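**Student:** need a structure here:
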Amino acid sequence: MRFCGLGTFLYAAIFVLTAVPSANAAENMLSVDETLIIQLVIFLVGLFLLNRLVFRPLLGVWDRREELTAGTLRGAEEMTRKADSAIAEYNEKIAEARAQATETRNELRQQGQNESSKMLLSAREAAQAELEGARGVLESEVVKIRADLQGEVESLAAEIRDRVLRKGA
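**Tutor:** As a prediction, this is how the structure comes out:
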């Protein structure tokens, strides 16, 4: 929104030409006299002063305001992009941490199951060995008891035979 000196000058010249004060305004509507030049000089000096003292500073303030606003908007957009980037990075790191935690949990669970299987297998082997040992002891005792019983059976059979033969004779 810049001040256009030539356009304003033309509008002002037309205004001055149409607003020339005179005693016979109707008759001298288009007449040009020496007051027109004075009025035109006064108008141009006023226009120059207004341009220097009012319009340029005002336009400068508007331009500066526009620059600041645009700069602030660019800064806000940049901060928004940085924030979005930081949030995306944060979410990515959280996803990585969750994946790593899940992987670690699965590994620990697998290790626990392996240890449990090893312990169960070891306990079964120990129980089987103990059972085999107990069976061996039982079988040896059964053999020993059978041998003892065989000897007793033979002695009892001989005693019964002797008693039966004594009673019958």
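
**Student:** how far does the helix of greatest length in the chain sit from the chain's center?
**Tutor:** As assigned by DSSP state H, the longest helix anywhere in the chain is helix 56-168. How far helix 56-168 lies from its chain's middle: 32 Å, per C-alpha atoms, centre = their mean, to the nearest Å.

**Student:** residue 59: neighbouring residues, count only.
**Tutor:** 14 (other C-beta atoms under 10 Å). For the C-beta atoms, the positions are set from N, CA and C on the backbone; glycine is no exception.

**Student:** just the CA atoms of stretch 100-112, as PDB, please.
**Tutor:** In PDB, the C-alpha atoms belonging to stretch 100-112 read as follows (Å, rounded to 0.1, in the frame of the first residue of the first chain):
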ATOM      1  CA  GLN A 100      12.500 -53.700  22.800                       C
ATOM      2  CA  ALA A 101      10.600 -54.300  26.000                       C
ATOM      3  CA  THR A 102       8.400 -56.800  24.300                       C
ATOM      4  CA  GLU A 103      11.400 -58.500  22.800                       C
ATOM      5  CA  THR A 104      13.200 -58.600  26.200                       C
ATOM      6  CA  ARG A 105      10.000 -59.900  27.900                       C
ATOM      7  CA  ASN A 106       9.700 -62.700  25.200                       C
ATOM      8  CA  GLU A 107      13.400 -63.600  25.600                       C
ATOM      9  CA  LEU A 108      13.000 -63.700  29.400                       C
ATOM     10  CA  ARG A 109       9.800 -65.800  29.100                       C
ATOM     11  CA  GLN A 110      11.600 -68.200  26.700                       C
ATOM     12  CA  GLN A 111      14.600 -68.400  29.100                       C
ATOM     13  CA  GLY A 112      12.200 -69.100  32.000                       C
END
